[in-house]
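>>> Okay, here's the prediction I keep looking at, along with the sequence it came from:
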Amino acid sequence: MTSYGDEAFSLFLRKAFIKAAGYSDDALDRPIVGIVDTASDYNPCHGNAAALVEAARRGVMLSGALPMVFPTISIHESFAHPTSMVLRNLMAIDTEEMVRAQPMDAVVVIGGCDKTLPAQIMGAVSAGLPTVVVPVGPMVVGHHKGEMLGACTDCRRLWAGHRAGAIDETEIELVNGRLAPSVGTCMVMGTASTMAIVTEILGLALPFAASIPAPHAERVRSAEASGRIAAAIAVAGAPVPAALVTPAALRNAMVALQAIGGSTNGIIHLAAIAGRAGHALDLVEFDRIGRDVPVLVDLKPSGEHYMEHFHHAGGVPRLLGELVDFLDLSVPVVEGGTLAGRVMKTAEMHEQQIIRPIDRPLKSQGAIAVLYGNLCPRGAVIKHSAASPALMRHTGRAVVFETVADMAQRIDDPDLDVTADDVLVLRNAGPRGAPGMPEAGYIPIPKKLAAQGVKDMVRISDARMSGTAFGTIVLHVSPESAVGGPLALVRDGDPVNLDVEMRRLELLVDDAELAQRAAATRPTVERPARGYARLYHDHVLQADQGCDFDFLVARPASSSPEDAEGSASAIDI
């Protein structure tokens, strides 16, 4: 409680003020469930938040507890400068501190847009109160000239057509009004859909919560059911999120990430969530899982369909039925019981084409491969399920862009020395360098090549890209160039070799030359003068560690304070 030096007076004063809102003693004597409201006029993804808040409130009250709604910041991918990733940790702090600061026995967090669910889960794990997560749900599909459209895979495809001159100004404006036809998150397998599915797999959200379309009545009923569960765990005092975010559950999430054709952003967020629970995410294990677990979900950008089709096919419970041999089904879930209780029974399954059987996958290997080599000693990722097979083994000369601004200025210059066989390299776009790892890794095809019909090239950066994007794109090169990573050493014309099968990314320059370049290279990122930007610059971890702040990562029970200090200093390695 707020401290006035007299605990009894503190409670007396608190009750006096809350009674000003009309609450009775009967209401105030009940278990309290906080409900996080992330509605914002800047966040159309959360346009149904008010209805979900009301439904969760109803579920809490029907179960005899007292709901208390409170706001936190809201992040929309397209309305966050310089990038939503910078603000993810701020939202996690906001969520954690508001849950800690205010009296409640359990909490319902409601969110969906890319960085929102990770931020809320990170905050909830650290706050340590029993938590139910309610995703806002995906949009329904759009339509144009008889074709189904989805934000934002089709945004990128059609915009590329416009850049190449195949779609004129009138038509692209018409498309612009049809790509996002309702509130809710992107309806392809982007970061929002990926993290909603991961949340359900971790047991933090109720069955089907990941996939119910945002405008559907079923979405509202799911929020009401979540309120009921929140009231129950408020009384029980368990489970807290850290009890669900276990090594076994995290491995299940990695299996799901590979099987759904998930967003590359998902592995960063999962690493951050794991860190809050005191665990490290093993990228080598993630890659090993990807060699064994195929892509089963036929959704864009790896496939052809959309989230509402995934839902009608049976959603996560149906997916679990195909993945039973790869999962630990004994892990607990928020409503009680284990993940085994959520597996769809064979008798409930119907014929469908969206969630493939394990013996007839969409892709023979998982969505994401982890690469290593002298360009990425701590790893890099490629979503090869949405890449060009012909480019999976490729050597080309580097065409280097120093910054996102440099790329924007020169990429369409008709005099740019570039061919389709070259490798586009973007640096200083990582966690600290940009800052915030903007989704600039989807380097556009130079306009003069796009006009020639070039659809894909090998592209490499320390940035991220949207999970809705496609192409042969290597991301999250770690450590980033801004802290002295090897990407800073690449020069125009250097041969670069990508070999996805061998999981290698190499700069084909001898070690002596690289050592000379390293000795002459100095990181040039300017330290911000003040505020959150400075906090972010000073404390953000690298991509392989989840880009959380070093002082927010939980220490494993076996570690010492000295270990934590050593971990914090490792951000510059």
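Thanks, I have the structure now.
>>> Quick one: the strands in the chain, in order.
Assigned strands in the chain, in chain order: 32-37, 66-71, 106-111, 131-135, 142-144, 147-149, 369-371, 380-382, 393-401, 423-426, 458-461, 473-475, 495-499, 504-507 (criterion: DSSP state E).
>>> any chance of these in a markdown table, plus mean pLDDT and mean neighbour count?
Every residue, glycine included, has its C-beta placed from N, CA and C. Listed next are the strands of the chain as a markdown table, based on pLDDT from 0 to 100; neighbours: other CB atoms under 10 Å:
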| stretch | mean pLDDT | mean neighbour count |
| --- | --- | --- |
| strand 32-37 | 98 | 25 |
| strand 66-71 | 98 | 18 |
| strand 106-111 | 98 | 30 |
| strand 131-135 | 98 | 31 |
| strand 142-144 | 94 | 15 |
| strand 147-149 | 91 | 17 |
| strand 369-371 | 98 | 23 |
| strand 380-382 | 98 | 29 |
| strand 393-401 | 98 | 18 |
| strand 423-426 | 98 | 26 |
| strand 458-461 | 98 | 29 |
| strand 473-475 | 98 | 28 |
| strand 495-499 | 98 | 19 |
| strand 504-507 | 98 | 20 |
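>>> And the lowest mean pLDDT element among the helices and strands of the protein?
Taking mean pLDDT, DSSP states H and E as the measure, the helix or strand of the chain with the lowest value is helix 561-569, at a mean of 40.
>>> re the thing from before, please dump the strands of the chain into a markdown table; it should also carry distance to Val240 for every row.
As requested, the strands of the chain are exported to a markdown table (distance: least, CB to CB, whole Å):
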| stretch | distance to Val240 |
| --- | --- |
| strand 32-37 | 14 |
| strand 66-71 | 19 |
| strand 106-111 | 9 |
| strand 131-135 | 7 |
| strand 142-144 | 40 |
| strand 147-149 | 41 |
| strand 369-371 | 31 |
| strand 380-382 | 30 |
| strand 393-401 | 45 |
| strand 423-426 | 41 |
| strand 458-461 | 37 |
| strand 473-475 | 33 |
| strand 495-499 | 43 |
| strand 504-507 | 39 |
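>>> Of these, which is nearest Glu200?
Shortest distance between Glu200 and the strands of the chain, using CB to CB, is found for strand 131-135: 8.1 Å.
>>> Parallel or antiparallel, which strands does the closest one pair with?
Its sheet considered, strand 131-135 pairs with strand 106-111 (parallel) by DSSP bridges.
>>> How about Ile273, nearest residue that isn't a chain neighbour?
Spatially, and ignoring its direct neighbours in sequence, Ile273 is nearest to Ile121 (5.3 Å; CB to CB, 6 or more residues apart in numbering).
>>> Outline the domain layout of the protein.
17-140+182-348, 143-176, 369-520, 531-572 (automatic domain parsing).
>>> highest average neighbour count across the ones you listed?
Of the domains of the chain, the one with the most neighbours on average (mean count of other CB atoms under 10 Å) is domain 17-140+182-348, at a mean of 22.
>>> So which of the domains of the chain is nearest Asp359?
domain 17-140+182-348 (9.4 Å).
>>> so who does Thr521 touch?
Going by CB atoms under 8 Å, 6 or more residues apart in numbering, Thr521 touches Gly484, Ala488, Leu489.
>>> With distance to Ala20 and pLDDT added, can I get those residues in a markdown table?
What follows is these, written out as a markdown table (distance: CB to CB, whole Å; pLDDT from 0 to 100):
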| residue | distance to Ala20 | pLDDT |
| --- | --- | --- |
| Gly484 | 57 | 93 |
| Ala488 | 59 | 96 |
| Leu489 | 64 | 97 |
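>>> And these, which is closest to Met392?
Nearest to Met392 out of these is Leu489 (CB to CB; 24.5 Å).
>>> Grab the longest helix from this structure for me.
Ordering each helix of the chain by length in residues (DSSP state H) puts helix 217-236 first.
>>> just the angle between that helix and strand 106-111, please?
150 degrees (axes from the mean of the first three to the mean of the last three CA atoms, to 10 degrees).
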